[in-house]
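*Asks:* Structural data only, the sequence is not supplied:
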């Protein structure tokens, strides 16, 4: 997950967060209720509405997720969230004159992502520029961008298997990571000294390649076996991770180097451009 961002609708702040796993925006439902219901007690309003949805047997009540977002007091707390599609369904349950303007606002929030879907080069160019400014090498950036493509193919297969919420995506990712690297995602982050940062953004080239192999293998196995539901998909995730595990062990055997390490990709900055004085025709100094 990226850090929580603040979007403004009619001078009201709405907390949103982008998920790389599902490639979707998630919106704080309490914030949305405050705007649409024009209430100074949005938590109570949402609590009552949530009970009503559950009593009515609404499918929406089963799709409410929770993510940590910064509250008004500055503390990080678990907050009910919905993605854009689910939020549009929620709006139908809230009588509000602001419903239509809010739908337009949602479209604006997602317009950048939609532009990237229509023209993927925009996303690639933006990602390359962002990573380059942070100091990553061009070689690493190319690997990272390729890993995004592989990840997208994997999440598409997860969706086809009926995987819907962020918690399930995170669990499947953890299975793949643990199987190929020997560490859970949390353990891997601890090893690299990370907290909320994206693990892939701090992997070395070799780690990225093996992680890509694990995810690509999981995708291909899923296409072949067509798993349905979490249990079957988890088995496929373990098998895909196992493919990269075998490659990791062979790599370590042949090189004598451990793949998974505390080394952080941010320490592997792109080389600085230096002026070299040429002393003779051979170019030796």
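*Replies:* Perfect, thanks for sending it. Everything numeric here is computed off the predicted structure, so don't read it as measured data. Residues are numbered from 1 along each chain as shown.
*Asks:* Helices of the stretch 101-250 of the chain, residue ranges please.
*Replies:* Assigned by DSSP state H, counting those that start in this stretch, the stretch 101-250 of the chain shows helices spanning 120-134, 138-160, 166-181, 185-191, 205-225, 229-255.
*Asks:* Compare the ones you listed and report which one is nearest to residue 58.
*Replies:* Residue 58 lies closest to helix 166-181 among these, at 19.6 Å (C-beta to C-beta). Quick note: C-beta positions are derived from backbone N, CA and C, even for glycine.
*Asks:* from the chain's centre, how far out does that closest one sit?
*Replies:* 12 Å (C-alpha atoms, centre = their mean, to the nearest Å).
*Asks:* Could I get the average pLDDT for that helix?
*Replies:* Per-residue pLDDT over helix 166-181 has a mean of 93.
*Asks:* Quick check: which of the helices of the stretch 101-250 of the chain is nearest to residue 49?
*Replies:* Closest among the helices of the stretch 101-250 of the chain, using C-beta to C-beta: helix 166-181, at 21.4 Å.
*Asks:* Against which helices or strands is that closest one packed?
*Replies:* The contact analysis (3 or more C-beta pairs under 8 Å, 6 or more residues apart in numbering; DSSP states H and E) places helix 166-181 against strand 65-70, helix 138-160, helix 185-191, helix 205-225, helix 229-255.
*Asks:* most neighbours per residue, which of those?
*Replies:* By mean neighbour count, with neighbours taken as mean count of other C-beta atoms under 10 Å, helix 205-225 ranks first of these at a mean of 21.
*Asks:* Would you format the helices and strands packed on helix 166-181 as CSV with distance to residue 48 and mean pLDDT included?
*Replies:* Shown next, in CSV, are the helices and strands packed on helix 166-181 (distance: least, C-beta to C-beta, whole Å; pLDDT from 0 to 100):
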stretch, distance to residue 48, mean pLDDT
strand 65-70, 18, 85
helix 138-160, 32, 90
helix 185-191, 36, 93
helix 205-225, 41, 96
helix 229-255, 31, 97
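*Asks:* out of the ones you listed, which comes closest to residue 46?
*Replies:* The closest of the helices and strands packed on helix 166-181 to residue 46 is strand 65-70. By C-beta to C-beta, the value is 12.7 Å.
*Asks:* Any idea how far that closest one is from the middle of the chain?
*Replies:* The answer for strand 65-70 is 14 Å, by C-alpha atoms, centre = their mean.
*Asks:* Over to stretch 141-156?
*Replies:* Relative to its chain's centre, stretch 141-156 lies at 11 Å (C-alpha atoms, centre = their mean).
*Asks:* Please apply the same query to stretch 171-183.
*Replies:* With C-alpha atoms, centre = their mean as the basis, stretch 171-183 stands 16 Å off its chain's centre.
*Asks:* got it, and stretch 9-25?
*Replies:* Distance, centroid of stretch 9-25 to centroid of chain: 12 Å (C-alpha atoms, centre = their mean).
*Asks:* list the buried ones in it?
*Replies:* Residues 9, 14-17, 19-22, 24-25 are the ones in stretch 9-25 that count as buried (16 or more other C-beta atoms under 10 Å).
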